[in-house]
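Undergrad: what follows is a predicted structure for the sequence shown.
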Amino acid sequence: MTSPIPAPRGMYFEEFEVGQKMVSPGRTITESDVVGFAGLSGDFNQIHTDAEYSKQTPFGARVAHGLLGLSIASGLALRTGVLEGTVIAFREINDWKFVKPVFLGDTIHVEMEITATKALRRVGGGSVVIVMNVKNQNDETVMKGTWTTLVMSKP
């Protein structure tokens with residue numbers, strides 16, 4: 001017996017408009033996040049894993065992996081619900097900049113703005129270009145860039 005596929009909650013390609021904005025919920029970066037990501041990625045750089053070493057760096061404390069922040073930003077974008085069940089693929093990171101460090105204990109969220117859409121009938125939807133601005137609890141941009149996703153059309 002197969003399980004029924006739930007109906008998509010997300011927006012279809014035709015519902016996206018240039019200029020549309022959304023904001024994700026926040027998420028606090030934890031010790032467990034950093035240790036787990038170090039194990040998964042194999043990146044045990046001391047700036048992430050050694051509190052005493054990190055005190056001597058320009059940051060003065062341990063920082064989360066940049067790619068961990070990027071990964072969490074991706075999850076936060078999905079938590080807005082707009083892509084849930086309607087995204088076909090994460091197509092590309094058009095550009096990305098790590099602006100400021102993300103420290104353990106920081107709470108980040110993502111501010112998203114749709115800047116372009118293009119119908120792609122051959123994939124059954126279209127591409128949606130999203131400007132991503134990841135901010136910390138002090139409303140400071142910690143990373144930013146532009147992503148392209150493929151989103152399905154209305155059935």
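TA: That came through fine.
Undergrad: leaving out chain neighbours, which residue sits closest to H109?
TA: Once flanking residues are discounted, H109 sits nearest to G26: 4.3 Å by Cβ to Cβ, 6 or more residues apart in numbering. Where you see a C-beta, it was placed from the backbone N, CA and C, and this is true even at glycine.
Undergrad: again, but for S153
TA: Of all residues not flanking S153 in the chain, G125 sits nearest, at 4.5 Å (Cβ to Cβ, 6+ apart).
Undergrad: that neighbour against M11, yeah?
TA: No - when contacts are counted by Cβ atoms under 8 Å, G125 is not listed as touching M11 (11.0 Å).
Undergrad: any residues in contact with both of those two?
TA: Listed contacts common to G125 and M11 are T86, V151; contacts here mean Cβ atoms under 8 Å, 6 or more residues apart in numbering.
Undergrad: checking L70 next. Helix, strand or coil?
TA: L70 carries the three-state label helix when classified by DSSP: H, G, I helix; E, B strand; the rest coil.
Undergrad: sorry, that was for L67
TA: Following three-state DSSP, L67 is assigned to helix.
Undergrad: now do the nearest residue to it once chain neighbours are set aside against I93, distance only.
TA: The spatially closest residue to L67, leaving aside those adjacent along the chain, is S41, at 6.9 Å (Cβ to Cβ, 6+ apart). Separation of S41 from I93 (Cβ to Cβ, to the nearest Å) stands at 17 Å.
Undergrad: distance check, V110 against V35.
TA: Taking Cβ to Cβ as the measure, V110 falls 23 Å from V35.
Undergrad: what ranges do the helices span in the chain?
TA: Secondary structure of the chain by DSSP state H: the helices cover 31-41, 46-49, 51-55, 66-79.
Undergrad: how about the lengthiest strand in the chain: buried residues?
TA: Of all the segments of type strand in the chain, defined by DSSP state E, the longest one is strand 107-120. Counting neighbours by 16 or more other Cβ atoms under 10 Å, one finds that the buried residues in strand 107-120 are I108, H109, V110, E111, M112, I114, T117.
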